[in-house]
Each structure stands twice: as structure tokens, then as C-alpha cells.
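**Student:** quick one: sequence plus predicted model below, questions after.
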Amino acid sequence: MAESTVKENRTLEELFQELDGMMRQMEEPGLSLEQSFSLYHRGIELLKSCNDKIDTVEKQIQILEENGECHEFRDEKRKKTEEIEQILKAYLPVQEGKQQVIMEAMEYSLMAGGKRLRPMLLWETFQMFGGAAKTVRPFMAAIEMIHTYSLVHDDLPAMDDDDYRRGRKTTHIVYGEDMGILAGDALLNYAFETACTAFEEAPEEATRIGKALQVLAKKAGIYGMIGGQVVDVSASGKNITEDILSFIYELKTGALLESAMMIGAILAGAEEEEVAVIEQVAKKIGIAFQIQDDILDVTSTEEVLGKPVFSDQKNEKTTYVTLFGLEKAKKDVEQNF
């Protein structure tokens, strides 16, 4: 029978190991209803404990930053961002041939800066599970290409119609609407072409690579990011419920973040149960990230964000801020993180 409380001094890896053991117990034949119910509640406790540990780390970082004591963290983050930039450059296509303009537009879009959060989360999760294979690099590039294509299309006149992104003109403003569409299409297709190079780099890891590709495709498609975008666009100018808004956030923003962390775990050899826990943790991060984006849209400036503010209001979109108010939005971000 599982214990009723989680020991707070245990590591995240130890909690994952216990969760893995519990899942195996639940698959055993002859398990009584009472035992199954007890194991289920224990699993909920474990998941909460994992989230609490991540919350604690985030709050410690925030305190350090506020006190000016987090220079090492900022330096490390900058170093990792620069490393990711080099990986992206390495996987970009050579700008040549009669279609050279589309390659230029792809690079303009991809190398426009940004937090590089998704490849960073992919790498950190890969490291957390002890990953050592070469397969992680093409997936880091691929997931950022997919994220970038979504931004390129999001900025189009048919969508949010934004002229600036990350402090400079958007792709369709520089290259034209037609090339903006094609640049997004090209980045999406080239992302999977890039991810597939992992088979060449580590053919012995084919099973893990295949599973990672499945996750990437699903989370970026109609059951993930695109699905959320469809509902978001359809809801423009309409009053929507909290349930619909949550659906949009979980898919439009959360799905690709889930994909990043799940792929990192898969490529490192994590068990299915561990990947499932990572997915749930990433979902919370995705929702909090989108709520924070809603807050910044009404509290920040174009100079700070590098993109137009009040964009959601212009496009008549319901956000967490418009539905619940600014103060509740700020409080809920803190709770999710």
C-alpha cells in the first residue's frame, strides 16, 4: 500500500521513480478497487509534489533576480541562448538556387531573436533524464522552426495583422504577404526534414527518434497548436467561456511547450509514465506562459515587448485578463508557476 504523504526532501528524479513503480503496480492483475483508489491518490500527491518543487525553484530564481543576486543564472541563460542560436544557424539551408529568396526569408524569421524557450526546455529535460545522444540537436532546431512558422503566420493580415515582431518588421512586411505565407510553410516542412536527420546521426536510436517525431507532429497539428489556433480565430469578436479559453491556451501555447519537454525526456530514454508526468508539468507552464503574455499585452510597451501592445484588444480576442481581470491573472500566473 502506498504512503499517504510525500516526503518533501526527495529529489524530482526519486519522485518520478516512485511514480513509475506505482504505474507498474496498477497494471498488476488482481489489484483491488481500494488499492487502485489509494494508488491513484498517491499519484496525484506525487504530481503535486513535482509541481511544488518546480514552483520553489522558480520563486527562488525570482527572489535572486529581485535582489540582484542572480548574475550567474543570467549569464548561464545567455550562454545557453547563444548555443541554441549556433545550433539554429547550423541547420538552416544554404541560400542558393532560384528559390534563394525563401531561404533568406526563413533565416530572417528564425534568427530574429527571442527567448528560445522551447529548445531550451527540450535540452534541460533531456539533461535531467541523463540524455547523452546526438539526436537532441536537430530536434532543438526543429521545434524552434515550428514555433517561428506559427509566429510568421500569426502576424499575417488574415490573422493578427502585426507589423513588428521582436523589435523589427515582420516577415510579410519585409518580403511581402505571399512570401510570408511561403516562409511559414517552408519552416514547418524544413523542421521535419531537420528532425529526421537524427536518424542519420544516431541510427541506433531509431525507436526513440520515431516516438519523438510522433509527439512533435501531433502537438504541432490539429490536435495541438493548429487546433488551438483554429478555435482562437473562430472565437474572435465573440464572448467565450473559461472552458473554451482554457482549450485555446492548452493547445495554442501549451502543446508545443509540452512537445519540447516530452521530446527531451523521450530522447533521453525516460519511461512512458515519466513522459506523462512531464506532459502535465509542461501543460501548467504553457497556461501560465500564455496568461503572462495576456498581462504584458496590456501592461508593457512596444519598446519592451518588441511587438505591438493591445493586439488582443485590436483583434477583439477574449483573454484571461478580459475574462477575469488583471489582478486575478497575475495571481493565477504565480500559482501556476
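**Tutor:** That came through fine.
**Student:** quick check: K219 vs E144, distance?
**Tutor:** The spacing between K219 and E144, counted by CB to CB, to the nearest Å, is 14 Å. (Each C-beta comes from the backbone N, C-alpha and C, glycine too.)
**Student:** in this structure, which spans are strands?
**Tutor:** Using DSSP state E, the strands found in the chain span residues 164-165, 168-169.
**Student:** strands paired with the first one, and their directions?
**Tutor:** Strands flanking strand 164-165 in the sheet, each with its direction: strand 168-169 (antiparallel) (DSSP bridges).
**Student:** please enumerate the helices of the stretch 101-250 of the chain.
**Tutor:** In the stretch 101-250 of the chain, the segments counted as helices under DSSP state H, counting those that start in this stretch are 117-128, 136-154, 171-175, 177-201, 206-220, 225-234, 242-248.
**Student:** in CSV, list those along with mean pLDDT.
**Tutor:** Shown next, in CSV, are the helices of the stretch 101-250 of the chain (pLDDT from 0 to 100):
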stretch, mean pLDDT
helix 117-128, 95
helix 136-154, 97
helix 171-175, 97
helix 177-201, 97
helix 206-220, 97
helix 225-234, 94
helix 242-248, 91
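**Student:** out of these, nearest to E96?
**Tutor:** helix 177-201 (14.5 Å; CB to CB).
**Student:** the domain parsing of this protein - what is it?
**Tutor:** The record assigns the chain these domain ranges, following automatic domain parsing: 1-69, 70-336.
**Student:** deepest-packed of the ones you listed, please.
**Tutor:** Among these, domain 70-336 has the highest mean neighbour count (mean count of other CB atoms under 10 Å), at a mean of 18.
**Student:** can you give me how far that one is from the chain middle?
**Tutor:** Between the centre of domain 70-336 and the centre of its chain there are 6 Å (CA atoms, centre = their mean, to the nearest Å).
**Student:** then stretch 170-181 to CSV, C-alphas only?
**Tutor:** Extracted in CSV, the C-alpha atoms of stretch 170-181 (Å, rounded to 0.1, in the frame of the first residue of the first chain):
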residue,chain,number,x,y,z
THR,A,170,7.5,41.1,-39.5
THR,A,171,8.4,38.7,-42.4
HIS,A,172,5.4,39.6,-44.5
ILE,A,173,6.2,43.3,-44.3
VAL,A,174,9.7,42.8,-45.5
TYR,A,175,9.2,40.0,-48.1
GLY,A,176,5.5,40.5,-49.0
GLU,A,177,2.4,38.6,-47.9
ASP,A,178,2.9,35.8,-50.4
MET,A,179,6.5,35.1,-49.3
GLY,A,180,5.4,35.5,-45.7
ILE,A,181,3.0,32.6,-46.2
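**Student:** ok, and what's touching that stretch?
**Tutor:** 101-102, 104-105, 108-109, 152-153, 155-157, 162-165, 183-184 (CB atoms under 8 Å, 6 or more residues apart in numbering).
**Student:** give me the most central residue, the chain.
**Tutor:** Centroid check for the chain by CA atoms, centre = their mean gives L257 as the closest residue, at 1.6 Å.
**Student:** and the gap between it and I143?
**Tutor:** Shown here: L257 relative to I143, a distance of 10 Å by CB to CB.
**Student:** ok, M261 touching V281?
**Tutor:** Yes - in this structure, M261 is within contact of V281 by CB atoms under 8 Å, at 7.2 Å.
**Student:** residues contacting A133?
**Tutor:** Contact partners of A133, counting by CB under 8 Å, 6+ apart, are 202, 205, 208, 267-268.
**Student:** reformat those residues as a markdown table; add distance to T148.
**Tutor:** Shown next, in a markdown table, are those (distance: CB to CB, whole Å):
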| residue | distance to T148 |
| --- | --- |
| A202 | 25 |
| E205 | 26 |
| R208 | 25 |
| L267 | 21 |
| A268 | 25 |
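**Student:** out of those, who's nearest A235?
**Tutor:** Proximity of the contacts of A133 to A235 was ranked by CB to CB; the top entry is L267 with 35.2 Å.
**Student:** now the closest one: how far from G131?
**Tutor:** Distance of L267 to G131, computed by CB to CB: 6 Å.
**Student:** sorry, back to before: let me know the closest of the contacts of A133 to E76.
**Tutor:** Among those, and counting by CB to CB, the member closest to E76 is A268, at 20.3 Å.
**Student:** quick check: that closest one vs K211, distance?
**Tutor:** Distance, A268 to K211, by CB to CB: 12 Å.
**Student:** and if you look at A191?
**Tutor:** For A191, the distance to K211 equals 17 Å [CB to CB].
**Student:** kindly report the same for L187.
**Tutor:** Distance from L187 to K211, by CB to CB: 23 Å.
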